[in-house]
Each structure stands twice: as C-alpha cells, then as structure tokens.
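Asker: Make a model of this:
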Amino acid sequence: MKVERNRNTMADNQTQIKEIEQLLEEYKKGMTPEQSHELVEKMRQVRFIVPVTFPKDETLAAMQAELERTGQPVKLPKDAKPVPVLIQNPNKEHFLAVYTTLAQLPKEHYSNGVIEMTFDACMNYAKNAKSPVYGVVVNPFSNNFVVRPRKEQQVTPAQFHLLARKNVEYVLFPHSIYTKDKEYFDSINAEVLYTFFKDQYQNKLQMPYTENDFEVMQLGIDPKLDMIHISMPAKKLDQGACIRIYVTWHKDADKPGYYMIVRGEKKGDRKLIYIHDNGRTEDLGEAPVESTEMQQIMNLELERYAAN
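Answerer: Just a heads-up that it's a prediction; the model follows:
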C-alpha cells in the first residue's frame, strides 16, 4: 500500500528523479567527491519511497479501506506512526533503505506500506534513531548508494574552555591587531580582551573569567618599538593556551607583531609562538625565561624589520 504525506510529491518530481537515477548509474562507474556532493544536493530536492510497517492494525485497516475506496495514494493520518524497514549489510550495520521509484523495490520488502520522505528527513531518522542506524542507502538492490550522516562530536566543558581560548588567542585577537590601525593598538586594555572571551561564551557555558583576570601594560621602552604586555588568565590554562601575549608596533615600518608564550605539553614547558599577518603560526622554539622574554621578543621584532 502506498501512503503519502503530501500529494505534491513524487509525481511532480519525475524529471529530478530521472536525473538522479542517471547520476546513480554514473556513480557505479566511479564518482569524484565533488560529483557525489552534487548528487546528494539533488537528492535533497525530491522525496523518496520508504518501505514501512504500521504497528497499529486499525490504522492500517483504515488506510487500506481508503485506498480501495479512492484508488489513490492515501494521505498518512496524523496519529499514524510508521516504522521504516531497515536492511543490514555484511558487517551487520543497519541502514534505512530508500528508493527512487516503486519499480526499484524488491518483490519481498517485508513491509505493509510505503511512505514518501524527503532525503533530509531520511538522514535525520538515521541520525536520531534509538537503535544504531549507520546511514541511508538509495536503491540498495541496484545502485546501492550509501550516505552516512555526520556525527556531531560532543565537546566537554574542558575542551570548550580550551577551544574558546585558542579561538581568541590564535585567531580573533591577532586578526584584530593586523587589520586595525595604531589607534586601536593604543586602546587595547583588559576590557578589550574580556569582551573577546565573553563573546565566545554567549548562551553556551558560564564565563569563567572576569576583567580582572587580564593584566595589560602598554610599554614604550624603545624608540622604534611600542609593546603591549598581556598576562592571560591562570584559569583554564591547558596545553596550547597562552600564558602571556606580547603585541608590538614597529614605528618605522608602521606594522604590528604578535607573540605568544604558550603552555607546553608538560607542566613548566613553555613555547614561543609568532602569529603572522596571514594567520600562519610560526613555532620559535622554547620560550626564554620569564625575566628575559620581553627583551628577547623586542630583539626578534627589531631584527625582523632590520633584515628587510
């Protein structure tokens, strides 16, 4: 028995279905990732036939009576809860089987009805099913085109805190330094850093930092170079997070620089990192001892432009 959720379904999409079937045949000969992506995008525009079973006999009986009366596909009742029929591969993985046309269905498909579903709805079912469903297979007995849903990775609070730090310290803050002018450089203070972090935590986790966790000092210690010394929060200071940041402004070149003292793999290990204006990260090796790091970073930045 054929059931439909909406009468404006496959009958209006025969051209798209035929195109999809042609692409599926091409897939059997070999397909690039780009072509496969194009095929999936086209499949998202049509409805597929999905074999199902109806747990309630009375629901099935009522739909069968409607079918005999009208001779037309039956609209699915709101209280009906069809269960899609799954198939199993040799690895004992279950997939939701969908078909482009009724002709693609095997003679024995172990269902008492079929419904029409969008490709996105099929993928959502596979992704959210209570028992493991590894994906959707289109025309399994001819084309056997398999699409596996992308599983969302669960991020722990500790992972989120580190991702938030790295996003600010490695990407957002250096990008602001390199894309804005000296006036912005001169305005950098604890509030600026705090705001960057606050934006990372909106509607996610509780913000673990306060403005007082950021110590910012503007230094004019060389005729050619201005420097900002930033002590980052000691909280959530995991591997790869910044202990301190040094932002420089070379007066002759009228250009900034961005250096980080980063926590290493082991406690006590520290690395010196430079972020270039194109976002590239340069590992400068082991960080100098804290008492000399400011002078050595100043020397590195002066040498960078002296070489040019």
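Asker: bridging residues for the closest residue to Gly220 other than its chain neighbours?
Answerer: Spatial nearest neighbour of Gly220, excluding adjacent residues (CB to CB, 6 or more residues apart in numbering): Asp226 at 5.5 Å. Using the backbone N, CA and C atoms, a C-beta is placed for each residue, glycine as well. Applying DSSP bridges to Asp226 gives these bridge partners: Trp249.
Asker: Let me see the contact set for Asp226.
Answerer: Phe185, Gln218, Leu219, Gly220, Thr248, Trp249, Lys251 (CB atoms under 8 Å, 6 or more residues apart in numbering).
Asker: Quick check: the second one touching Ser187?
Answerer: What that stands for is Gln218. No. Checked against CB atoms under 8 Å, the pair Gln218 and Ser187 is beyond contact range at 9.6 Å.
Asker: which of the two has more neighbours?
Answerer: Shown here are Gln218 and Ser187; by other CB atoms under 10 Å, Gln218 has more neighbours (14 against 11).
Asker: so where do the helices sit in the protein?
Answerer: Using DSSP state H, the helices of the chain run over 14-29, 33-43, 57-70, 119-128, 157-166, 173-179, 182-187, 190-200, 290-306.
Asker: what about Val133, neighbour count?
Answerer: 21.
Asker: The residue nearest to Gly220 and Lys271: what is the separation?
Answerer: To Lys271, Asp226 is 24 Å away according to CB to CB, to the nearest Å.
Asker: picking up where we left off before, would you check how far apart the residue nearest to Gly220 and Thr179 are?
Answerer: 18 Å.
Asker: rank the helices of the chain by pLDDT, which is bottom?
Answerer: Per-stretch mean pLDDT for the helices of the chain is lowest at helix 57-70 (a mean of 60).
Asker: Distance to Val83 added to the helices of the chain, as a markdown table?
Answerer: Compiled in a markdown table, the helices of the chain are given as follows (distance: least, CB to CB, whole Å):
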| stretch | distance to Val83 |
| --- | --- |
| helix 14-29 | 25 |
| helix 33-43 | 22 |
| helix 57-70 | 12 |
| helix 119-128 | 10 |
| helix 157-166 | 36 |
| helix 173-179 | 50 |
| helix 182-187 | 60 |
| helix 190-200 | 42 |
| helix 290-306 | 64 |
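Asker: out of the ones you listed, which comes closest to Pro84?
Answerer: Taking CB to CB, helix 119-128 is the member of those nearest to Pro84, at 6.4 Å.
Asker: Taking their axis directions, that closest one and helix 33-43 sit at what angle?
Answerer: Here the directions of helix 119-128 and helix 33-43 differ by 110 degrees (axes from the mean of the first three to the mean of the last three CA atoms, to 10 degrees).
Asker: show me where pLDDT drops low in the stretch 151-300 of the chain?
Answerer: 151-153 (pLDDT under 70).
Asker: rerun that using 80 as the cut-off
Answerer: 151-155, 203-204, 267 (pLDDT under 80).
Asker: most neighbours, which of the contacts of Asp226?
Answerer: Ranked by the number of neighbours (other CB under 10 Å), these place Thr248 first, at 23 neighbours.
Asker: surely that one meets Pro256?
Answerer: Yes. Thr248 is within contact range of Pro256, at 6.3 Å (criterion: CB under 8 Å).
Asker: Just checking the distance from stretch 186-205 to the centre of its chain.
Answerer: Its chain's C-alpha centre and that of stretch 186-205 lie 23 Å apart, by CA atoms, centre = their mean, to the nearest Å.
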